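Novice: Fold the following and give me the result.
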Amino acid sequence: MKTQNIILLIAAAVIIVSVFYSFMGGSDESAYTAEINKEREEKDRFMRTSTESPFAADPDAFKGLSYYPPNLRYKIIADLSPVQNKKLVTLTTNTGEEQQYSEYAYAEFDLDGYHHKLLILEVIAMGPQRGKLFFAFGDETSAVETYGAGRYLDVAKVPGSNTITLDFNKAYNPYCAYSDKFSCPLPPAENLLHIAIKAGEKAYH
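Specialist: You can find the predicted model right below:
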């Protein structure tokens with residue numbers, strides 16, 4: 001076979017493989033976007049109809065939540081470093097009260113030219129939430145496009161894992177963003193990022 005024909009075959013194969021992976025990547029992204037949008041629709045339904053909603057006393061007042069478009073670059077696989085000598089951390093709430101947590105681990109990752117080391121806490125107060133993780137953060141969108149007192153992100157314990165997923169597309173506002181009847185802990189100083197996380201829930205109308 002002539003060298004020219006071999007080169008053409010190789011080039012064709014590269015194009016086919018590239019198109020295939022581009023298609024698969026696009027498909028994955030579309031599925032992810034659909035998943036996020038479905039979760040957001042379900043949350044709107046909860047806010048409008050649930051007796052546990054912060055709008056339960058006046059469902060007609062709920063006008064729908066606002067979000068950034070889903071963006072896979074904000075789904076972060078962070079390195080997880082457990083805290084060895086855990087200390088108590090006191091967080092102030094938006095109403096001036098104090099709540100205590102235990103240090104659990106640090107999540108480390110690079111984004112937008114910065115290395116970030118964020119603190120994940122563990123709930124120690126008696127009740128159904130005891131032992132669960134708590135993660136709150138603020139960023140350059142806070143008080144501009146998002147709730148000024150920071151946002152929350154649900155994370156779960158994965159025993160033995162040295163990584164943790166921080167999907168900022170699922171970042172949400174604490175209930176105090178909708179009503180001053182709620183008392184919500186503010187993010188620890190370690191979790192105030194110097195970049196804009198344009199993902200997740202925006203400020204309520």
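Novice: Every contact and neighbour count from this point should use C-alpha atoms.
Specialist: Noted.
Novice: and the gap between residue 51 and residue 44?
Specialist: Distance, residue 51 to residue 44, by Cα to Cα, to the nearest Å: 13 Å.
Novice: now residue 83
Specialist: Counting by Cα to Cα - residue 83 and residue 44 are separated by 36 Å.
Novice: Looking at those two, which is more packed in?
Specialist: Ranked by neighbour count (other Cα atoms under 10 Å), residue 83 and residue 44 place residue 44 first, with 18 against 15.
Novice: pretty sure that one is in a strand, no?
Specialist: No. Residue 44: not assigned to a strand; according to DSSP: H, G, I helix; E, B strand; the rest coil it is helix.
Novice: Check which helix or strand residue 156 maps to.
Specialist: Assigned by DSSP states H and E, residue 156 falls within no helix or strand.
Novice: need the contact list for the residue nearest to it when sequence neighbours are not counted.
Specialist: For residue 156, ignoring the flanking residues on the chain, the nearest one in space by Cα to Cα, 6 or more residues apart in numbering is residue 133 at 6.4 Å. By Cα atoms under 8 Å, 6 or more residues apart in numbering, the residues touching residue 133 are 104, 120, 121, 122, 123, 154, 155, 156, 157.
Novice: Equivalent analysis for residue 33, please.
Specialist: Neighbour list for residue 33: 70, 71 [criterion: Cα under 8 Å, 6+ apart].
Novice: pLDDT at it, what is it?
Specialist: On pLDDT, residue 33 comes in at 96.
Novice: can I assume residue 143 is in contact with residue 149?
Specialist: Yes. Using Cα atoms under 8 Å, residue 143 is in contact with residue 149, at 7.4 Å.
Novice: Looking at these two, which one has more neighbours?
Specialist: Using other Cα under 10 Å, the more surrounded residue of residue 143 and residue 149 is residue 149, with 21 against 14.
Novice: Helix or strand: which one has the more buried one?
Specialist: Here residue 149 is covered by no helix or strand, with elements defined by DSSP H and E.
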